[in-house]
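Engineer: all I have is the shape, not the residue letters:
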């Protein structure tokens, strides 16, 4: 998947009954879209709710089309274009938004009980960036890449995890076994 997504909205004409003629609402328009922290911030400023709150279920069609508007990075787009996005593009846009955009993955720590993830907003993500000294330019990254970077930075700043007594004993037993095999006392 690419860093940005391009979709082309075909020209839309309407019929003016008073003038008995067709009228072009807008010409063919290519939208350049970028799922980023800046896009989420614009959307949250308009809707006054967290974009990343999965507990709220799917977004309405109006909210989704508005998020497409917030993701648009090319200038001068006729606002009517967003009302005429063909439905065939919605799964493509959803796939682009959900693409991890990274090869980094995280293993789950099975020792810790699962807690629900806190709801994130643009401000909480910016706060994480500030706390981790991530430059504000990174807000232009694809959101999933940015969230992965934040998680990697947070992990790298954690002190090494202390081994339990059982893990320590197993570690020393393994070292002793290796030393005996090499003839080291």
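Structural biologist: Received, thanks. What you are looking at is a predicted structure, and each value in this text was computed from that prediction instead of being measured. Numbers count the residues shown, from 1 in each chain.

Engineer: so what's the nearest residue to residue 37 once chain neighbours are set aside up against?
Structural biologist: Of all residues not flanking residue 37 in the chain, residue 139 sits nearest, at 4.1 Å (CB to CB, 6 or more residues apart in numbering). C-beta coordinates here come from the backbone N, C-alpha and C atoms, glycine included. Neighbour list for residue 139: 36-38, 41, 126, 129, 146 [criterion: CB atoms under 8 Å, 6 or more residues apart in numbering].

Engineer: out of these, which are inside helices?
Structural biologist: Within those, residues falling in helices by DSSP state H are 37-38, 41, 126, 129, 146.

Engineer: got a quick PyMOL command for the buried subset of those?
Structural biologist: To isolate the buried members of the ones in helices among the contacts of residue 139 in PyMOL, using 16 or more other CB atoms under 10 Å:
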select buried, resi 37+38+41+129+146
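
Engineer: in a markdown table: the ones in helices among the contacts of residue 139, plus distance to residue 163 and pLDDT.
Structural biologist: Listed next are those as a markdown table, based on distance: CB to CB, whole Å; pLDDT from 0 to 100:
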| residue | distance to residue 163 | pLDDT |
| --- | --- | --- |
| 37 | 37 | 95 |
| 38 | 42 | 95 |
| 41 | 42 | 95 |
| 126 | 36 | 94 |
| 129 | 32 | 96 |
| 146 | 33 | 94 |
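
Engineer: doesn't residue 179 lie inside a helix?
Structural biologist: Yes - assessed by DSSP: H, G, I helix; E, B strand; the rest coil, residue 179 belongs to a helix.

Engineer: any idea how far residue 118 is from the residue nearest to residue 37?
Structural biologist: Separation of residue 139 from residue 118 (CB to CB, to the nearest Å) stands at 20 Å.

Engineer: okay, helices next: where are they in this protein?
Structural biologist: 37-47, 61-71, 89-98, 122-131, 143-157, 165-182.
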